[in-house]
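>>> Dropping a prediction and its sequence here:
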Amino acid sequence: MLTLARAGNARTIALLTLGRWRETAEAGAETARAYRAADSQEAIAYALNAQGLALLALDDPARAASVLEEARHEASLMENPRAEGVCLLNLAWAYWCDARYDRSATTADRASAALDIAGAAQAEAARALAEAARALPAGPGAAVEALRRAAAALDGNVEVVAPGWVEERARGLMG
């Protein structure tokens, strides 16, 4: 059973890398179920995280947020600050995409703290996203600048929101 779960995880990551979003969403859910059936916490968070990213790419931020919250919970059970931080960063982005800017800011703050503990490169992106979410109500200028910094701080890791997605939202704020 665990071998099947691991094979599903490899497939999920491959599909995520290829940008095959619908298949990634389905594979992530199947992989999480397989790990649970094998009674293994090993990579449930990562499978759900991939599913959440795919749902974001499919423009379903509300559903993505629900899946990413579950992923964050699974990562916290593993006591893995990097995994939790990655899930929180993606969750903060889902909230941004769903126009829940207050939730985006507080979740990005939590992501930054977890990623700092893990020594992960994405901590600065989380800080910039929190700043953008807080700045937006006052006007798009500061938010655009903060989003650009967030995009620049993302390292292109397939497990986190794509820099291009963040840059696209920054351009959209400029009108």
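That came through, no problem.

>>> could you measure the residue nearest the centre of the chain against V67, distance?
Geometric centre of the chain, nearest residue: N90, 1.9 Å, by CA atoms, centre = their mean. Using CB to CB, to the nearest Å, N90 is found at 10 Å from V67. Using the backbone N, CA and C atoms, a C-beta is placed for each residue, glycine as well.

>>> Need the residues touching each of those two.
Listed as contacting both N90 and V67 by CB atoms under 8 Å, 6 or more residues apart in numbering are G52.

>>> these two touch, right, the residue nearest to the centre of the chain and N49?
Yes: applying CB atoms under 8 Å, one finds N90 in contact with N49, separated by 6.2 Å.

>>> D116 against A123, yeah?
Yes: with contact defined as CB under 8 Å, D116 counts as touching A123 (4.8 Å).

>>> Go ahead and name everything in contact with stretch 102-118.
Identification of contacts with stretch 102-118 by CB under 8 Å, 6+ apart yields 80-82, 84-86, 88-89, 91-93, 95-96, 122-124, 126-127, 129-130, 133-134.

>>> from those, which ones fall inside helices?
Applying DSSP state H to those, the entries found in helices are 81-82, 84-86, 88-89, 91-93, 95-96, 123-124, 126-127, 129-130, 133-134.

>>> Got the confidence number for the residue nearest to the centre of the chain?
Note on N90: pLDDT of 98.

>>> same thing with G139?
Note on G139: pLDDT of 89.

>>> Export the helix or strand where A64 lies to PDB, keeping only CA atoms.
According to DSSP states H and E, A64 maps onto helix 61-77. Output of helix 61-77 as PDB, limited to C-alpha atoms (Å, rounded to 0.1, in the frame of the first residue of the first chain):
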ATOM      1  CA  PRO A  61      -9.300  29.700  -5.000                       C
ATOM      2  CA  ALA A  62     -12.000  28.900  -2.500                       C
ATOM      3  CA  ARG A  63     -11.700  25.100  -3.000                       C
ATOM      4  CA  ALA A  64      -7.900  25.500  -3.100                       C
ATOM      5  CA  ALA A  65      -8.000  27.300   0.300                       C
ATOM      6  CA  SER A  66      -9.900  24.400   1.800                       C
ATOM      7  CA  VAL A  67      -7.500  21.800   0.500                       C
ATOM      8  CA  LEU A  68      -4.400  23.900   1.500                       C
ATOM      9  CA  GLU A  69      -5.800  24.300   5.000                       C
ATOM     10  CA  GLU A  70      -6.000  20.500   5.200                       C
ATOM     11  CA  ALA A  71      -2.400  20.300   3.800                       C
ATOM     12  CA  ARG A  72      -1.200  22.800   6.500                       C
ATOM     13  CA  HIS A  73      -2.900  20.700   9.200                       C
ATOM     14  CA  GLU A  74      -1.200  17.500   7.900                       C
ATOM     15  CA  ALA A  75       2.200  19.300   7.800                       C
ATOM     16  CA  SER A  76       1.700  20.500  11.400                       C
ATOM     17  CA  LEU A  77       1.100  16.900  12.500                       C
END
